[in-house]
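K.L.:
Dropping the sequence and predicted coords here.
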Amino acid sequence: MTARGFSVQTNFSAGMLDPHLAARVDVSAYAQGGADLTNVLGLPHGGVALRGGLARFAEVTEGGAAARLAKFEFSTEQVYLMVVRPLAIDVYLPDGTLCATVATAYAEAEIAALAWVQSLDTLILVHPEHAPAKLMREGSHTSWALSDIALANIPQHDFGSGDEDVWSAARGWPRSVFLHQGRLYFGGSKSRPQTVWGSTANSFFDFATSDDALDDEAVELTFDNDRVCAVQQLYALNDFFAFTSGGLFARTEGDVITPQSFFMRRSSEVPASAVRPAELDGSVMFVKNPESGHSSVYEIVFDYESQSYRAEDVALLSGHLMRGPLDMAARLGNESDSANHLYVVNGGDGTVAVLNSRKTQKMTGWTLLVTAGAVLRVAVAGGVPYFLVRREVAGAERYFIEALEASRRLDCSVLLTAEEPTESWGGLSALEGATVDLIGDGAPLGSAAVQGGAVAAPYPVSALEAGFAFDWAVETMPVTTGEAAGGGRHRITQAAIRLYRSAGLTVNGRRLSDRRIGETLLDAALAPVSGVRIVRLLGWRGGRTGSGGATVRITGTSRLPAAVLSVCSEVAQ
């Protein structure tokens, strides 16, 4: 006699789980995770929703392959996106206007080693082969100036032939920089990779010291350890951190830093990469050095028992999503969207691992962002995530900056409007020769080839979005009810899926009905539905040789909205 049971999944807050966890039904995350969560973002309430599209912001026509993105936030109203490319920095306003281009000395091969920190209207840049520089906003959007920093009282060191400047063209320049407690800190150099220097208090570019070692004088610390501890990055919250190739060093004392009190303890042996750390949900995240093995993202956690910091692998349960992290940035929740997201760009395949973190609700889960191309870099400016994306358009390799926007449904998206509904739409010269997907007045309109910078809609519309659609997937972990947990033969007979404003879904290959015969015209646009939809399923999927067990897999296209809140499965065994 066939026995029946139920598997209830109320949320996906644990994120997309590593396939190696398929047997770990004893882990609490198993019942809150998914086998596949692609192109969806975690909601702060526990469900997942289709990610927004990537709106075309600008194109990098020169040096796109090596470019990096940086934020510059002068005030809540004056926010800029900086594109650091070979021999130049482009300054963009939030509306995509290029307001300035500043010439630099950083060659293509040097861009990756750049580090920076902002102080009011000044961006301080450091590179191991160049003297520290400052990029200043001079009173308006269009007025910017880059110059070398005039450093005073440069620290001295005996390299074997008497004291000389610790930084110079011969000895190398600082490779990392940060601001903390009114001092400017430099970390590491070619000749002294394990040293951190701090300026005099409230005088960023002066490193004066004296035999009296007064409290406001410059500070210096070299990490003496049984391994090489080259400083990769510096960061500070209330406490000060140095991320090195030999582990994490932290200063936990609450007193003001002085020459007598400036020391740091090694808190973790996890070696850090040169990827800029990011702050999310009250914690500092950093990337483990890939040269020491599998790379991942680590979180700095304070241990109250030992009164010290430790590093925890925040992607331990989703290690397969860590595919050579090379850049990351965090976006904090706001009034319209309270989710906290960390975007980690994978250098291995151009995907983006996205962490949804809401510690107060015990939610920490990863999803995967995939687009038709490769994401190369990320920055968050003014609360908006920007990505540098390499795409092939009409057979040519192009580099676009694209902003993640919840209201968009397509990637490399261009949004056009007209006062009167029309079928003919121009303004698409950037996608010349490409076949793009079209969404008009919120409804999918199929696809069309861009010719002469224009496309034709199948009927008149007032608003048209053109770009590239993408697919998404939400799949549960294999069901664990009764004998199914031990690999016994079983199948899912039906699934009850709670949706929120969703349309066009397919469940285990079966399309959910979006319409009912009645008074509603069949050619009306699909109306998203909310509530529980039940789908009956056929076939034995679990418990056979080579099977990973029965799952509920929900898929769809970005042309239509979707949000999955929970899944309840009826299991026959």
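P.N.:
Thanks, I have the structure now.
K.L.:
Please identify which helix or strand holds the residue nearest the centre of the chain.
P.N.:
Central residue of the chain (CA atoms, centre = their mean): residue 343, 1.1 Å from the mean position. In the assignment (DSSP states H and E), residue 343 maps to strand 341-346.
K.L.:
Partner strands of that strand, with direction?
P.N.:
The strands beside strand 341-346 in its sheet (DSSP bridges) come out as strand 325-331 (antiparallel), strand 352-358 (antiparallel).
K.L.:
from memory the residue nearest to the centre of the chain sits against residue 384, does it?
P.N.:
No. Residue 343 lies out of contact with residue 384 (CB atoms under 8 Å); the separation is 11.5 Å. No exception for glycine: its C-beta is placed from N, CA and C like everyone else's.
K.L.:
and the gap between residue 21 and residue 318?
P.N.:
Per CB to CB, to the nearest Å, residue 21 is found 9 Å from residue 318.
K.L.:
Neighbour count for these two, which is higher?
P.N.:
Each of residue 21 and residue 318 has its neighbours counted (other CB atoms under 10 Å); residue 318 has more, 27 against 20.
K.L.:
ok, that one to residue 287 distance?
P.N.:
Taking CB to CB, one finds residue 318 at 15 Å from residue 287.
K.L.:
Also residue 120?
P.N.:
For residue 120, the distance to residue 287 - CB to CB - is 28 Å.
K.L.:
So which of these two has more stuff around it?
P.N.:
Neighbour comparison, residue 120 and residue 287: the larger count goes to residue 287, with 26 against 9 (by other CB under 10 Å).
K.L.:
Bridged to the more buried one, which residues?
P.N.:
residue 297.
K.L.:
Show the pLDDT at it.
P.N.:
Residue 287 carries a pLDDT score of 97 in this model.
K.L.:
Name all residues that make contact with it.
P.N.:
Neighbouring residues of residue 287 by CB atoms under 8 Å, 6 or more residues apart in numbering: 272, 273, 275, 295, 296, 297, 298, 325, 328, 344.
K.L.:
what's the lowest-pLDDT member of those?
P.N.:
Comparing those by pLDDT, residue 295 comes last, at 90.
K.L.:
how many other residues sit next to the residue nearest to that one when sequence neighbours are not counted?
P.N.:
Leaving out its chain neighbours, the residue that sits closest to residue 295 by CB to CB, 6 or more residues apart in numbering is residue 288, at 5.2 Å. As a burial measure, residue 288 scores 23 neighbours (other CB under 10 Å).
K.L.:
ok now do residue 288, which residues does it touch?
P.N.:
270, 271, 272, 273, 294, 295, 296, 297, 298, 313.
K.L.:
I'd like those laid out as TSV, including neighbour count and distance to residue 391.
P.N.:
Below are the contacts of residue 288 laid out as TSV (neighbours: other CB atoms under 10 Å; distance: CB to CB, whole Å):
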residue	neighbour count	distance to residue 391
270	20	35
271	23	34
272	28	31
273	20	27
294	11	29
295	23	26
296	20	28
297	25	26
298	25	31
313	16	32
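K.L.:
wait, which of the residues you listed is closest to residue 533?
P.N.:
Closest approach to residue 533 among these (CB to CB): residue 297, at 35.5 Å.
K.L.:
quick one: the closest one and residue 357 touch, right?
P.N.:
No. With contact defined as CB under 8 Å, residue 297 does not count as touching residue 357 (11.1 Å).
K.L.:
shared neighbours of these two, which are they?
P.N.:
residue 342.
K.L.:
contact partners of the helix or strand bottoming out on mean pLDDT in the chain?
P.N.:
Ranked by mean pLDDT, DSSP states H and E, the helix or strand of the chain with the weakest confidence is strand 4-9, at a mean of 85. Residues outside strand 4-9 that contact it (CB under 8 Å, 6+ apart): 31-32, 476, 479-482, 484, 493, 566-573.
K.L.:
These, buried ones only, as a PyMOL selection?
P.N.:
The PyMOL selection below is limited to those of the contacts of strand 4-9 classed as buried (16 or more other CB atoms under 10 Å):
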select buried, resi 31+32+476+479+480+481+482+484+566+567+568+569+570+571+572+573
